[in-house]
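Below are the sequence and a predicted model for it; my questions follow.
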Amino acid sequence: MLKVGDKAPDFKVLSDQGKEVTLSQFLGKKDVILYFYPKDNTSGCTKEACSFRDNMPRFDTKKAVVLGVSPDSVKSHQGFIQKQNLNFNLLSDPEHKVAEAYGAWGEKSMYGKKYMGILRSTFIIGKDGTIKKVYEKVKPEGHAEEVLQAL
């Protein structure tokens, strides 16, 4: 996993709107909150997304953009955004290239079975493209507030 002070890897993926999004398009303009979550419309992921949604005016005030990343498809993201009235972009990373570049893809365990998946984590990336803060093993409840306090 990347550490504070590392240069954040650039990426090019599709957003929920089907448009290409890159990290470099935000550099020099805004801090980027890049959060990785396992799956649209699941309880923990919904709590986390809604927490970011409810705090978006505060992120806007701090000149920060929130980007959620999961392996889900653009279509899945569109449904999740509509159902939860989300007010930020979700990025589709079906081949988990972005997650791997950030160290947010790894071995997980559920009911004794091991499998590969998203490691719920968040990165605050400064306007200069360096990582300012890393959150590993994120607890969805109250996470957006935790991130806001670090900005």
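Yep, it's here. Residues are numbered from 1 along each chain as shown.

okay, and the helix or strand of this structure with the least pLDDT?
Taking mean pLDDT, DSSP states H and E as the measure, the chain has strand 105-110 as its least confident helix or strand, at a mean of 91.

Buried residues, it. List them.
Residues of strand 105-110 classed as buried under the neighbour-count rule (16 or more other Cβ atoms under 10 Å) are residue 105. Quick note: C-beta positions are derived from backbone N, CA and C, even for glycine.

Use 45 as the first number from now on
Yes, from this point I'll number from 45; that puts the last item at strand 149-154.

elements contacting the following helix or strand past that strand?
Where DSSP states H and E defines the elements, the next helix or strand beyond strand 149-154 is strand 157-162. The helices and strands touching strand 157-162, judged by 3 or more Cβ pairs under 8 Å, 6 or more residues apart in numbering; DSSP states H and E, are strand 149-154.

how about the CA coordinates for the strand it packs on, as CSV?
The C-alpha coordinates for strand 149-154 follow below in CSV (Å, rounded to 0.1, in the frame of the first residue of the first chain):
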residue,chain,number,x,y,z
TRP,A,149,-6.5,-5.0,-3.8
GLY,A,150,-5.4,-8.0,-1.8
GLU,A,151,-6.3,-11.2,0.0
LYS,A,152,-9.4,-11.2,2.1
SER,A,153,-11.1,-13.9,4.2
MET,A,154,-14.8,-14.6,4.8
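
Tell me which strands it pairs with, and in which orientation.
When pairs are called by DSSP bridges, strand 149-154 turns out to pair with strand 157-162 (antiparallel).

Check the offset of the partner strand from the chain's centre.
Taking Cα atoms, centre = their mean, to the nearest Å, the mean C-alpha location of strand 157-162 is offset from the chain mean by 19 Å.

residues of it that come out buried?
161-162.

Pretty sure residue 152 sits against residue 181.
No. Because the distance of 11.0 Å does not satisfy Cβ atoms under 8 Å, residue 152 is recorded as not touching residue 181.
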